[in-house]
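Visitor: requesting a structural model of the entry that follows:
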Amino acid sequence: MVCLKAWYNVFMLWKYLLVLIISMIPLIELRGAIPVAVGMDLGLPEWAVLITAIIGNMIPVPIIYLFARKFLEWGAKRKWKPLKQFCNFCLKKGEKAGDKLLKKAGNYGTYFALFLFVAIPIPGTGAWTGTLAASILKLDFKKTMIAIMAGVLVAGLIMLAASLGLFKVIFGG
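Guide: Okay, here's the model as predicted:
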């Protein structure tokens, strides 16, 4: 009996790891992990799926923030032309868009815009993209982490509600 319980615990751990790993994948993030967990009926409590997906989505965020701009600056100095062109393009495009945003939104408006960008679960938005933008714009680390975390939490709640069919109940269908 003890052996069966041990195997059951290992099996449950793999389910949590699946949600955690899927939510760490760029462009998929928790926007994909939560519907997968609910759709596959993994037998995990919804609150546990949400928390696991949020943790998984947030794990790469500080790493992206701290190293993305450094990588782009490093790549812009390389001799290999495709890498150099790509890195220069990203830096110039990001800085141009950032300057435009800062002029329109101001300092705190920028963090609110970052929050909204991450919170609204549509393709191309999310923690990875938002953090990359914040890194390129050299936004404050602590304020960026708070905005991204809040956005991930809201996106997770939206995706959980959608995955559980609450939107169908609310809006009819």
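Visitor: going by C-alpha atoms from here, please, whenever you check contacts or count neighbours.
Guide: OK.
Visitor: ok, the most centrally placed residue in the chain - contacts?
Guide: Compute the mean C-alpha point of the chain, and by CA atoms, centre = their mean the closest residue is A127, 2.7 Å away. By CA atoms under 8 Å, 6 or more residues apart in numbering, the contact list for A127 reads 29, 57-58, 61, 118, 148, 151-152.
Visitor: can we see that at 7 Å?
Guide: Neighbour list for A127: 61, 118, 148, 152 [criterion: CA atoms under 7 Å, 6 or more residues apart in numbering].
Visitor: and A68, how many neighbours does it have?
Guide: A68 has 18 neighbours, counted by other CA atoms under 10 Å.
Visitor: longest helix in the protein, by number of residues?
Guide: Counting by DSSP state H, the longest helix found in the chain is helix 81-119.
Visitor: outside of stretch 133-150 itself, list whatever touches it.
Guide: Residues contacting stretch 133-150 (CA under 7 Å, 6+ apart): 65, 68-69, 91, 94-95, 98, 111-112, 114-115, 118, 127.
Visitor: what about it, average pLDDT?
Guide: Mean pLDDT, computed over stretch 133-150, is 93.
Visitor: stretch 97-108 now?
Guide: pLDDT averaged over stretch 97-108 gives 73.
Visitor: now swap in stretch 56-64 and tell me
Guide: On average, stretch 56-64 scores 96.
Visitor: what residues sit buried inside that stretch?
Guide: Judged by neighbour count using 16 or more other CA atoms under 10 Å, the buried positions of stretch 56-64 are 56-58, 60-62, 64.
Visitor: how many residues are close by K81?
Guide: 12.
Visitor: give me the pLDDT for it.
Guide: 90.
Visitor: for F141, see how far away it is.
Guide: Here the criterion is CA to CA, to the nearest Å. By it, K81 lies 31 Å from F141.
Visitor: for F112, same thing?
Guide: Distance from F112 to F141, by CA to CA: 14 Å.
Visitor: the more surrounded of those two?
Guide: Comparing F112 with F141 by other CA under 10 Å, the one with more neighbours is F112, at 18 against 15.
Visitor: now for the more buried one: which residues touch it?
Guide: A147.
Visitor: from the contacts of A127, which is closest to V49?
Guide: V152 (13.5 Å; CA to CA).
Visitor: and that closest one, which of the three is it?
Guide: Classification of V152 using DSSP: H, G, I helix; E, B strand; the rest coil returns helix.
Visitor: leaving out chain neighbours, which residue sits closest to it?
Guide: Counting by CA to CA, 6 or more residues apart in numbering, A119 is the residue found nearest to V152 once chain neighbours are left out, at 5.8 Å.
Visitor: again, but for I21
Guide: Using CA to CA, 6+ apart and skipping the chain neighbours, the partner closest in space to I21 is G56 (6.4 Å).
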